[in-house]
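Peer 1: Give me a model of this one.
(one chain, ligands or ions: 1)
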Amino acid sequence: MSIANTENDGPTAPEEPTAPEGRTPGALMTVEGLTKHFPIKGGFPIKRTVGAVKAVDGLDLTIREGESFGLVGESGCGKSTTGRLLARLLEPTAGRITYRDRDITRASRRELAPVRSEIQMIFQDPYSSLNPRQTVGTIVGSPLEINNVDPPGGREARVRELLDTVGLNPEHYNRFPHEFSGGQRQRIGVARALALEPRLIIADEPVSALDVSIQAQVINLLRRVQRERGIAFLFIAHDLAVVRHFSQRIAVMYLGKIVEVGDRTAIYERPRHPYTHALLSAVPEAELELAASRAPAGEGDGALAKPSAEPSAKPSAEASPKERPPRRERIRLEGDVPSPSNPPSGCRFRTRCWKAQDRCATEEPPLVRVEGNAEGHLTACHFPEAGTVLVE
Ligand SMILES: Nc1ncnc2c1ncn2[C@@H]1O[C@H](COP(=O)(O)OP(=O)(O)OP(=O)(O)O)[C@@H](O)[C@H]1O
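Peer 2: As a prediction, the model looks like this:
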């Protein structure tokens with residue numbers, strides 16, 4: 001997709017997300033060995049567990065205060081399940097989730113109540129995620145009501161303010177979801193997610209169901225609220241151009257596991273895992289450059305990642321040809337993601353990997369910093385790519 005900067009970011013918006021109240025940015029949520037196996041039932045007349053869908057299978061990651069963390073991978077890799085586990089909408093099979101130094105893995109409903117208000121979700125489908133029988137005012141105000149929050153000035157005033165924040169007319173308070181377009185409905189979802197002033201928003205493919213032109217507007221809205229309010233985001237997507245546009249750090253997921261994680265520049269300019277390389281090569285170069293030219297500057301950003309207030313079809317003028325990342329070899333990934341109920345032994349990607357050798361079938365590669373990787377750039381591969389591969 002191409003990104004048009006149609007959302008007004010506002011002249012006073014800071015360029016980088018900052019932790020609110022001057023707190024030092026640090027770990028907000030840490031996940032260790034997170035696992036979710038869905039049982040497969042079979043047999044007649046008595047149904048028994050005959051297997052398991054290993055949707056998430058030993059995930060380690062950290063989301064820092066105020067950062068936007070991208071999680072990408074093909075359909076069926078376990079991204080949505082991860083998002084729902086982190087929001088504690090699903091019970092993990094194993095592993096640990098720590099939120100602000102508190103282990104919330106097995107927290108009871110009551111213990112979770114204060115955490116739930118700090119962690120909000122935005123869903124993919126703006127049609128099914130809003131109750132068609134409720135007015136916009138009721139939908140956006142429901143988190144306030146459920147949590148018994150009475151903001152100064154009252155709930156209605158707060159909801160109207162939220163509608164204004166997300167670019168909707170506060171006068172539409174009494175309208176119903178069907179009276180809005182897809183993009184506007186997603187804005188309603190964003191307003192609802194903001195109602196309790198969350199610290200973390202888990203956005204599960206928030207623009208995938210929208211028209212390309214509308215996608216850009218919603219992404220720019222999310223970027224703006226992230227920057228202005230210092231909210232951490234877990235941004236789930238299969239589209240690498242979109243994630244680059246939004247996230248400072250990115251994890252690439254394959255069949256329930258993270259295969260590579262690093263800051264944006266490392267992932268896009270020096271991918272080491274063949275799967276990351278393949279995903280990147282599926283995104284047209286022009287889109288990556290365009291997304292890069294619009295991405296907010298952050299740690300590890302290269303010269304391409306200068307924010308641009310004006311939409312432009314060209315890469316950033318600051319980037320000399322020498323500084324631009326070289327073009328990548330095109331790689332066509334054959335076949336589908338194997339079944340998570342019976343993942344390949346060793347490296348799970350080996351059945352689709354052009355570099356696979358015997359060792360890949362017997363030994364699972366750990367997620368580690370490999371030679372030549374920058375700090376924080378981890379790769380799970382026995383035979384990592386040498387860096388960016390030039391075309392011809
Ligand atoms: N409730 C469930 N019961 C059984 N299997 C499930 C359940 N939810 C998800 N799965 C399976 O877990 C695997 C991972 O699904 P998940 O939706 O997390 O992947 P994803 O990467 O988000 O893909 P998509 O982009 O298509 O949503 C899939 O094989 C899916 O069929």
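
Peer 1: going forward, measure contacts and count neighbours with C-alpha atoms only.
Peer 2: Will do.

Peer 1: show me what contacts the residue in the stretch 101-250 of the chain that the ligand sits nearest to?
Peer 2: Nearest to the ligand in the stretch 101-250 of the chain, going by C-alpha to the nearest ligand atom, is His238, at a distance of 6.8 Å. His238 makes contact with Val72, Gly73, Glu74, Ser75, Glu205 under the criterion C-alpha atoms under 8 Å, 6 or more residues apart in numbering.

Peer 1: Can you flag which of those belong to helices?
Peer 2: Per DSSP state H, helices hold no members of those.

Peer 1: Against the ligand, which of the residues you listed make the cut? List them.
Peer 2: Residues of the contacts of His238 in contact with the ligand (C-alpha under 6 Å from any ligand atom): Glu74, Ser75.

Peer 1: Dump the contacts of His238 to JSON lines, plus distance to Asn373.
Peer 2: What follows is those, written out as JSON lines (distance: C-alpha to C-alpha, whole Å):
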{"residue": "Val72", "distance to Asn373": "20"}
{"residue": "Gly73", "distance to Asn373": "21"}
{"residue": "Glu74", "distance to Asn373": "24"}
{"residue": "Ser75", "distance to Asn373": "27"}
{"residue": "Glu205", "distance to Asn373": "29"}
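
Peer 1: For ChimeraX, write a command that selects the buried ones of the contacts of His238.
Peer 2: Selection of buried members from the contacts of His238 for ChimeraX, criterion 16 or more other C-alpha atoms under 10 Å:
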select :72,73,74,205
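
Peer 1: so which of the contacts of His238 would you say is closest to the ligand?
Peer 2: Ranked by distance to the ligand (C-alpha to the nearest ligand atom), those are led by Ser75 at 3.7 Å.

Peer 1: Find the nearest non-adjacent residue to that closest one, please.
Peer 2: His238 (7.2 Å; C-alpha to C-alpha, 6 or more residues apart in numbering).

Peer 1: What of Arg352?
Peer 2: Glu334 (6.3 Å).

Peer 1: just Ser281 next, same as before
Peer 2: That would be Arg330: by C-alpha to C-alpha, 6+ apart, it lies 5.2 Å from Ser281.

Peer 1: The strand or helix carrying Lys36: partners in the sheet, and parallel or antiparallel?
Peer 2: Using DSSP states H and E, Lys36 falls within strand 27-42. Note on strand 27-42: by DSSP bridges, its sheet partners are strand 48-64 (antiparallel), strand 94-99 (antiparallel).

Peer 1: The longest one vs the ligand: in contact?
Peer 2: Yes - Strand 48-64 is in contact with the ligand by C-alpha under 6 Å from any ligand atom, via Val53, Ala55.

Peer 1: tell me which residues of that strand are tucked away?
Peer 2: So, applying 16+ other C-alpha under 10 Å, buried residues of strand 48-64: Val53, Lys54, Ala55, Val56, Asp57, Gly58, Leu59, Asp60, Leu61, Thr62, Ile63, Arg64.
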